[in-house]
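A.B. asks: Give me a model of this one.
(chains A, B and C, ligands or ions: 3)
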Amino acid sequence: DEIRAYAREMIEREIEKHAADGLGRVDYALATGGGAVVKHSEPFTAGKGGNWFLKGGRGMVHNNADKMLRPSFGEPGQCFALSGTSGFVQIKLRTAIVPEAVTLEHVAKSVAYDRSSAPKDCRVSGWLQGHNMDVAVETEQMFLLTEFTYDLEKSNAQTFNVLDSAGSGIVDTVRLDFTSNHGSPSHTCIYRFRVHGREPDSVSMMAM
Amino acid sequence: DEIRAYAREMIEREIEKHAADGLGRVDYALATGGGAVVKHSEPFTAGKGGNWFLKGGRGMVHNNADKMLRPSFGEPGQCFALSGTSGFVQIKLRTAIVPEAVTLEHVAKSVAYDRSSAPKDCRVSGWLQGHNMDVAVETEQMFLLTEFTYDLEKSNAQTFNVLDSAGSGIVDTVRLDFTSNHGSPSHTCIYRFRVHGREPDSVSMMAM
Amino acid sequence: DEIRAYAREMIEREIEKHAADGLGRVDYALATGGGAVVKHSEPFTAGKGGNWFLKGGRGMVHNNADKMLRPSFGEPGQCFALSGTSGFVQIKLRTAIVPEAVTLEHVAKSVAYDRSSAPKDCRVSGWLQGHNMDVAVETEQMFLLTEFTYDLEKSNAQTFNVLDSAGSGIVDTVRLDFTSNHGSPSHTCIYRFRVHGREPDSVSMMAM
Ligand SMILES: [K+]
Ligand SMILES: [K+]
Ligand SMILES: [K+]
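C.D. replies: Residues are numbered from 1 along each chain as shown, chains lettered A, B, ... in the order given. Ligands and ions are numbered 1, 2, ... in the order given. Take a look at the predicted model:
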């Protein structure tokens, strides 16, 4: 009976976590929460070309870019594909936070056609940009949040803690740079990138 | 071995329920099943204004209204936001039913930025309107289905049975009134509202 | 302790499978993977009529057709409805494969309004069409992949292995014929159809 109760509780907890966006952890980069891709390296369009760019207050951003800020629901193809084996994406968060971790997710092995397009060596940095998106960011304001290698053999959503060296710096913009992928010569796919953290206790310095 | 079999069976049953729209219970308000929001109090547009209203046979209904009749998949932001701390939504069901319960769902605590916009004190009523949507409903036809308080500490999908006093009255329209929320002064978000019940045995009085 | 470890491992494995599109098996018919419906029998439009057809390189295909190549997420209504009790759908796969199995999925019993529209007796065939979609297929190139009966009492996603008689024939197009359904006189709904298999080792004969 004790074991049954234990099993039941564990099942409920795990399903609840699964239902809560897979990780049960707040994501400040989520598109439906207000996160947005604001800049990125050359997208991979596989010769489809055409009118794939949006002009807007946030510059030139590919139509598919926000896919990396939305759940993939186990579907191959629900990603943002960038040209080549290295590149970057810059994301404006929902609000300014003290970042604590980031999660990079690729499609699950069991349903993937090919996982050679997964990012491999990555570097994440962040800074506080405020509303003034046109001003060049000064280097002393940037924080290196973490460097990591995405491992195809581990769980498909991999979380990496922010380095202690980042202190409690507040950021509202995060940049993911990947310098290699898992073998595809033509493109690298980002299925989902999340940014976890906490909102500063004081009144946020940022308007929403 | 017995325990292993028990655990396996329980896991399969719980995942099956999770995969079956989370509750494994028929929802006559579901948008893909034919349910639709037909009327509501002032929406909360956060200064976005613009052309957010649809004109149609069913009057003025906000573009986002049907979000409350669709799954949220653990994503904050997948809700219909109404202005202020009280308001209402009126829903035409897929077909006429004898209502048995309703479910109100908010976003899970573990992924929410803030849950002060959750509805608190609620009242659900229903009536049979048929096709004649322009005629004023007479009060004697309305049923009070249930009154309840949404509890932020419980599971995020909370089901409330219809009061016995409603008898076996048939309804095709349901109205959710909320008279308070969990603290937000500006708006109240409805993530999902479901209506459970059974179709009358006799030939339905309603055309689809 | 041993049992707890066993239970935990089993729970993780089952949730992982659930998160991996329900089956944890590659689907070459999936719309986001490049699969597409290219031909089908008369769609069921329930008197909605109107401009429901798309013209394109692939001929006349109903707007809703690709719903059967996408997940349903437990929602009734997320299907492609065809007129009558028999009909067919023809699907161009993402790429040419040696087919190993197919999966037919209907909406779960626990959330369905009515399951009489589920397909019953089915026959699946396949062939290699290449780019030349206008040329009539010669009969000797077609493979009967499998015949089966969809059973309403079993799990809602039912997988059927390809017959040995199909050998290791390569196909890029698959046709599902249903010759009966579970009772609806007016229409038959296909919620999801998947095609499993492996890509030939040699360089694919098909361009993507
Ligand atoms: K995604
Ligand atoms: K929703
Ligand atoms: K579907």
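A.B. asks: Show me which residues of chain A are close to chain C?
C.D. replies: Within chain A, the positions near chain C by CB under 8 Å from any CB of the partner chain are A:3, A:6-7, A:10-11, A:14-15, A:18, A:22, A:73-78, A:108, A:110-113, A:155. For the C-beta atoms, the positions are set from N, CA and C on the backbone; glycine is no exception.
A.B. asks: Show me those residues that map onto strands.
C.D. replies: In strands, defined here by DSSP state E, there are no members of the residues of chain A next to chain C.
A.B. asks: are any of the residues you listed buried, and which?
C.D. replies: With burial judged by 16 or more other CB atoms under 10 Å in any protein chain shown, the buried subset of these is A:7, A:10-11, A:14-15, A:18, A:22, A:74-78, A:108, A:110-113.
A.B. asks: Restricting to the residues you listed, which residues neighbour ligand 3?
C.D. replies: The subset of these within reach of ligand 3, by CB under 5 Å from the ion, is empty.
A.B. asks: residues from chain A in reach of ligand 1?
C.D. replies: Within chain A, the positions near ligand 1 by CB under 5 Å from the ion are A:67, A:70, A:72, A:78, A:192.
A.B. asks: Kindly indicate which of these lies nearest residue A:33.
C.D. replies: residue A:70 (10.3 Å; CB to CB).
A.B. asks: If we ignore the residues flanking it in sequence, what's nearest the residue of chain A found nearest ligand 2?
C.D. replies: Of all residues in chain A, the one sitting closest to ligand 2 is residue A:32 (10.0 Å; CB to the ion). The shortest distance from residue A:32 to any residue other than its chain neighbours is 3.3 Å, reached at residue B:77 (CB to CB, 6 or more residues apart in numbering or on different chains).
A.B. asks: again, but for residue A:109
C.D. replies: Going by CB to CB, 6+ apart, residue A:109 has residue A:115 as its nearest residue, at 6.5 Å.
A.B. asks: now residue A:31
C.D. replies: Nearest non-adjacent residue to residue A:31, counting by CB to CB, 6+ apart: residue A:69, 4.0 Å away.
A.B. asks: Who are the contact partners of the one you found?
C.D. replies: By CB atoms under 8 Å, 6 or more residues apart in numbering or on different chains, the contact list for residue A:69 reads A:29-31, A:35-37, A:91, A:192-193.
A.B. asks: So the residue of chain A closest to ligand 2 lies in a helix, does it not?
C.D. replies: Yes - per DSSP: H, G, I helix; E, B strand; the rest coil, residue A:32 lies within a helix segment.
A.B. asks: so what's the closest residue to chain B within chain A scoring on pLDDT?
C.D. replies: Relative to chain B, the nearest point of chain A is residue A:32 (3.3 Å; CB to the nearest CB). On pLDDT, residue A:32 comes in at 96.
A.B. asks: Surely it touches residue B:75?
C.D. replies: Yes - using CB atoms under 8 Å, residue A:32 is in contact with residue B:75, at 4.9 Å.
A.B. asks: Touching both of these two, which residues are there?
C.D. replies: residue A:70.
A.B. asks: before we move on, back to that, quick check: of the residues of chain A next to ligand 1, which lies closest to residue A:98?
C.D. replies: Using CB to CB, residue A:192 comes nearest to residue A:98 of those, at 21.7 Å.
A.B. asks: what helix or strand does the spatially most central residue of chain A sit in?
C.D. replies: Most central in chain A under CA atoms, centre = their mean is residue A:193, positioned 1.6 Å from the mean C-alpha point. Using DSSP states H and E, residue A:193 sits in strand A:192-198.
A.B. asks: do that strand and chain B meet?
C.D. replies: No - taking CB under 8 Å from any CB as the criterion, strand A:192-198 and chain B are apart, separated by no less than 10.2 Å.
A.B. asks: Which elements pack onto that strand?
C.D. replies: With contacts taken as 3 or more CB pairs under 8 Å, 6 or more residues apart in numbering or on different chains; DSSP states H and E, strand A:192-198 sits against strand A:87-105.
A.B. asks: Export the strand it packs on to CSV, keeping only CA atoms.
C.D. replies: C-alpha atoms of strand A:87-105 as CSV (Å, rounded to 0.1, in the frame of the first residue of the first chain):
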residue,chain,number,x,y,z
GLY,A,87,25.4,31.6,-35.9
PHE,A,88,23.4,33.4,-33.3
VAL,A,89,20.0,34.5,-32.1
GLN,A,90,19.2,37.5,-29.9
ILE,A,91,16.1,37.5,-27.8
LYS,A,92,14.3,40.2,-25.9
LEU,A,93,12.8,38.7,-22.8
ARG,A,94,9.3,39.3,-21.5
THR,A,95,10.8,41.5,-18.7
ALA,A,96,14.1,42.2,-17.0
ILE,A,97,15.2,39.3,-14.8
VAL,A,98,18.1,38.0,-12.8
PRO,A,99,18.9,34.9,-15.0
GLU,A,100,19.5,31.6,-13.3
ALA,A,101,19.5,29.0,-16.1
VAL,A,102,18.8,28.4,-19.8
THR,A,103,17.4,25.4,-21.5
LEU,A,104,18.2,24.3,-25.1
GLU,A,105,15.9,21.6,-26.6
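A.B. asks: Would you indicate which residues of it are buried?
C.D. replies: Neighbour counts over strand A:87-105 (16+ other CB under 10 Å) mark A:87-105 as buried.
A.B. asks: Then stretch A:34-47?
C.D. replies: For stretch A:34-47, by 16+ other CB under 10 Å, it's A:34-41, A:43-44.
A.B. asks: Please enumerate residues in contact with that stretch?
C.D. replies: For stretch A:34-47, the external contacting residues (CB under 8 Å, 6+ apart) are A:27-29, A:52, A:58-59, A:61-62, A:64-66, A:68-69, A:80-84, A:86-95, A:133, A:173, A:186-188, A:195, A:208, B:77.
A.B. asks: Out of the helices and strands in chain A, which is least certain?
C.D. replies: strand A:53-54 (a mean of 56; mean pLDDT, DSSP states H and E).
A.B. asks: after that strand comes which helix or strand?
C.D. replies: strand A:61-62.
A.B. asks: That next one pairs with which strands, and in what direction?
C.D. replies: strand A:53-54 (antiparallel) (DSSP bridges).
A.B. asks: Chain neighbours aside, what residue packs nearest to residue A:113?
C.D. replies: With CB to CB, 6+ apart, the residue lying closest to residue A:113 is residue A:76, at 5.9 Å.
A.B. asks: which phi and psi does residue A:42 have?
C.D. replies: The phi and psi values for residue A:42, taken as degrees, to the nearest 10, are phi -60, psi 130.
A.B. asks: and it, what pLDDT?
C.D. replies: 95.
A.B. asks: And residue A:75, by the same measure?
C.D. replies: 96.
A.B. asks: shouldn't it be in contact with residue C:21?
C.D. replies: Yes - under the criterion of CB under 8 Å, residue A:75 makes contact with residue C:21 at 6.6 Å.
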